[in-house]
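Colleague: Sharing a model that was predicted from the sequence below.
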Amino acid sequence: MFPRYLFLWFLSCVPALAAADQQPTLNVYTHPSFASEWGPGPRIKEAFEQQCQCHLQFTVMDSAGDILQRLRLEGRSTRADVILGLDTATMETARQTGLLAPHTRSLINLALPIQWQDDHFVPFDWGYFAFVYDTEQLPEPPASLDDLINAPDDLKIIIQDPRTSTPGLGLLLWMHSVYGDQAPAKWQKLKGKILATTQSWSNGYFSLFMNGEAPLILSYSTSPAYHMAIDNTDRYQAAEFAEGHYLQVEVAALVASSQQPALGRAFLDFILTPDFQRHIPLKNVMYPAIDLGDELPAVFDRLISPSRTLFMAPADVDQQRRQLVNDWLDAMMR
């Protein structure tokens, strides 16, 4: 027979189990590098759940571009409460869907290289696009975009598709910021050096670049920080370009149809706290959106410091994005 004391113990646990099951769930749409086991997502989930008495669930899309596409397809029936992983090149397109709600949060603690005022988007990190190189394959990397474009075609690079990847789109904006109307002609000169154009950053970095398929990959100026701090190697470095580097700020936003708007706004507040931000430098391998002081890993002092910050306002990107992508496609097909 089932012992009576065990039966009474089980009955005593039922209210606690029911209460746990009744905890609200916050569903965050994000990309693989954030939610993966080696990314910041698991530790951020643990830290937020300790505060919120809730479940934090990450729904992972193939890339940052897929987050926006999924949101548009699902419309007001989406299960997302928060989207996290768009950036300054895609946020205006997301805003114009009408599917996002104002965050109503204070952004006073932000520490970015640009002034930030936006009613819908909360920054969670930032960085500069850069070409990361393998010093063992390429001891002397290009020192400028011009050097890269005019290099012999046997110098191979890996980039990302601007239609699906935020770094891929960032390179279009970088080229446009430097060359303006001459950018399509520059793309035609560059295309002979492109070994692969991958759907996402992670596809290219881990599957190709880290396996030695090419000595240069479009990535971030912060990427070497991970290798120096975690892999204990200086082998992979970012090439500093004389023309400057294009700035990316990654953002999060509340979905207007969320069933958990108060919890969603609490998560947006949480983003700008040390409990979230301390996981950004070596887990998302970007600069934190607030000043972490002594908590910023020392390897960040060894990264390149671009002489010029290149940046286009999100509204300008939205107006020019389609034409820039079409110009890129035309150059790649010729």
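Modeller: Yep, it's here.
Colleague: And the average pLDDT for the longest helix along the chain is what?
Modeller: Taking DSSP state H as the criterion, the chain has its longest helix at helix 314-333. Helix 314-333 comes out with an average pLDDT of 95.
Colleague: hey, where'd the strands end up in the chain?
Modeller: 25-30, 55-60, 82-87, 100-101, 122-134, 157-160, 194-198, 216-220, 236-239, 245-255, 287-288, 309-310 (DSSP state E).
Colleague: so what pLDDT did residue 200 get?
Modeller: pLDDT at residue 200 comes out at 86.
Colleague: so what's it up against?
Modeller: 31-32, 62-63, 160, 164-165 (Cβ atoms under 8 Å, 6 or more residues apart in numbering). In this view, the C-beta of every residue, glycine as well, is placed from N, C-alpha and C.
Colleague: so which pair among those residues is furthest apart in space?
Modeller: The largest separation in those, counting by Cβ to Cβ, is between 32 and 160 at 13.3 Å.
Colleague: So for these two, which sits in the more crowded spot?
Modeller: More crowded of residue 32 and residue 160, by other Cβ atoms under 10 Å: residue 160, with 28 against 20.
Colleague: one step back: okay, the strands of the chain in CSV with distance to residue 333 next?
Modeller: Listed next are those as CSV, based on distance: least, Cβ to Cβ, whole Å:
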stretch, distance to residue 333
strand 25-30, 32
strand 55-60, 32
strand 82-87, 27
strand 100-101, 35
strand 122-134, 23
strand 157-160, 16
strand 194-198, 12
strand 216-220, 20
strand 236-239, 28
strand 245-255, 24
strand 287-288, 36
strand 309-310, 27
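Colleague: And for residue 154, the neighbour number?
Modeller: 7.
Colleague: List phi and psi for it.
Modeller: Phi and psi for residue 154, reported as degrees, to the nearest 10, are phi -80, psi -10.
Colleague: separation between it and residue 60?
Modeller: 37 Å (Cβ to Cβ, to the nearest Å).
Colleague: Check residue 192 too.
Modeller: 35 Å.
Colleague: If you count surrounding residues, which of those two has more?
Modeller: Between residue 192 and residue 60, counted using other Cβ under 10 Å, the more crowded position is residue 60 (18 against 12).
Colleague: How about the more buried one, nearest residue that isn't a chain neighbour?
Modeller: Computed as Cβ to Cβ, 6 or more residues apart in numbering, the closest residue to residue 60 that is not its neighbour in sequence is residue 35, at 4.8 Å.
Colleague: check contacts around the closest residue to residue 95 other than its chain neighbours.
Modeller: Spatial nearest neighbour of residue 95, excluding adjacent residues (Cβ to Cβ, 6+ apart): residue 120 at 5.6 Å. Contacts here follow Cβ under 8 Å, 6+ apart; on that basis residue 120 touches 91, 95, 100-103, 253-254.
Colleague: would you turn those into CSV with pLDDT and distance to residue 288?
Modeller: Compiled in CSV, those are given as follows (pLDDT from 0 to 100; distance: Cβ to Cβ, whole Å):
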residue, pLDDT, distance to residue 288
91, 94, 19
95, 96, 24
100, 98, 23
101, 98, 25
102, 97, 24
103, 97, 18
253, 98, 19
254, 98, 21
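Colleague: Can you select the buried ones from those residues in ChimeraX?
Modeller: A single ChimeraX command selects the buried members of the contacts of residue 120 (16 or more other Cβ atoms under 10 Å):
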select :91,95,100,101,103,253,254
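Colleague: Residue 172: which of the contacts of residue 120 is nearest?
Modeller: residue 91 (16.0 Å).
Colleague: how near is the closest one to residue 139?
Modeller: Taking Cβ to Cβ, one finds residue 91 at 39 Å from residue 139.
Colleague: Burial check on the residue lying closest to residue 34 once chain neighbours are set aside, number of neighbours?
Modeller: Leaving aside its chain neighbours, residue 34 sits nearest to residue 41 (5.2 Å; criterion: Cβ to Cβ, 6+ apart). Around residue 41 there are 24 other residues, counting by other Cβ under 10 Å.
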